[in-house]
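> quick one: sequence and predicted model below, then my questions.
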Protein chains: 2
Amino acid sequence: MTVENLPALSPSETEILRLVWQLDKATVQEVCEKLPAERKITYATVQTLLRRLEKKGYLKHTVNGKAHVFSAAVEREHVVKRSVGDFLDRLFGGDPIPLMQYLAEHGTISADDIENLKRLTSKQ
Amino acid sequence: MTVENLPALSPSETEILRLVWQLDKATVQEVCEKLPAERKITYATVQTLLRRLEKKGYLKHTVNGKAHVFSAAVEREHVVKRSVGDFLDRLFGGDPIPLMQYLAEHGTISADDIENLKRLTSKQ
DNA sequence: TGGCATCTTGTACAAGTGTACGATATTATG
DNA sequence: CATAATATCGTACACTTGTACAAGATGCCA
């Protein structure tokens, strides 16, 4: 399943999906624990979001005891690609340069980081 | 009015807002014309989105003849800052480096561009 | 085996979103 | 001034999203 055909991710769903990626496999509880403390959201809500992510095709689950263990059903790279692409289109008309510039100016990005990036791009 | 207090932008609203920025001032028609051809959306829909953007506080309008002329009510910089910040949080847990990397690897970004960015950051 | 703790499932519901029709107002034009 | 063209405004409506409760299922421990 390519990401292209899947329904779009809502902001909250994206957040949850990221945590599942980070944990590789995760139960509802584990995702809850990984949430930043200031993000007050109940177990039940996380559960619903995981369910929706599965229904949309982004996650699958296996059963372990009574708990569901969720994991990615599509490659993270693909999701990132589409998400960044969409974001870029909407906010910058598709041009990545202004975003790079913004990050370079306002992000906590050092000259070293950029040096590394430069190496990355020139290496192919 | 700082952007902080304003209701969040939906994807479609963001797209329309970007066009208004691009045009500086724009009527419904002008925004429609600026839309990419493959984006099939009616005049009425654009109108609604512009109205909602105004209601949310992102746009204001003056009247010229029978047409409304919309323009930004908040600084683009601020909106970009918040949008990028939110996006970064959701998809990358707030860390800009992976996004930079992604753009460097997959975007159409030349080594020259990066060189410029480097100059940008090291200059402060 | 009985119950506590923990899970999932079903369901809910208000608000937001994407999309747009129909009615009404306004302006330019013949 | 009548009318066509063009605007806006009110409204609609199905779908999504964010958030969550309540009820039923399941596994664990005494």
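The structure has been received and is ready for your questions. Everything quoted here is computed from the prediction, not taken from an experiment.

> for the helix or strand harbouring A:Glu77, name the packing helices and strands.
With elements delineated by DSSP states H and E, A:Glu77 resides in helix A:76-92, which encompasses its position. Where contact means 3 or more CB pairs under 8 Å, 6 or more residues apart in numbering or on different chains; DSSP states H and E, helix A:76-92 is packed against helix A:11-23, helix A:96-106, helix B:11-23, helix B:76-92, helix B:96-106. No exception for glycine: its C-beta is placed from N, CA and C like everyone else's.

> of all the ones you listed, which one comes closest to A:Val46?
In terms of CB to CB, the element of the helices and strands packed on helix A:76-92 nearest to A:Val46 is helix A:11-23, at 6.6 Å.

> wait, does that closest one contact DNA strand C?
No - residues of helix A:11-23 are not located near DNA strand C by CB under 7 Å from any atom of the strand, the shortest gap being 8.9 Å.

> for that helix, which positions count as buried?
Using 16 or more other CB atoms under 10 Å in any protein chain shown as the test for burial, helix A:11-23 gives A:Ser12, A:Glu13, A:Thr14, A:Glu15, A:Ile16, A:Leu17, A:Arg18, A:Leu19, A:Val20, A:Leu23.

> restrict those to those near DNA strand D?
A:Ser12, A:Glu13.

> looking at the buried residues of helix A:11-23, which is nearest A:Arg39?
When the buried residues of helix A:11-23 are compared for distance to A:Arg39 (CB to CB), A:Glu15 wins out at 8.0 Å.

> relative to DNA strand C, how far out is the nearest residue to the closest one once chain neighbours are set aside?
Distance criterion CB to CB, 6 or more residues apart in numbering or on different chains; nearest residue to A:Glu15, sequence neighbours excluded, is B:Arg90 at 4.8 Å. B:Arg90 sits 14 Å away from DNA strand C when distances are taken as CB to the nearest atom of the strand, to the nearest Å.

> how much space between B:Arg90 and A:Phe87?
If you measure B:Arg90 against A:Phe87 using CB to CB, to the nearest Å, the figure is 10 Å.

> cool, and A:Gln29?
Distance from A:Gln29 to A:Phe87, counting by CB to CB: 30 Å.

> so which of the two has more stuff around it?
A:Phe87 (21 against 12; other CB atoms under 10 Å in any protein chain shown).
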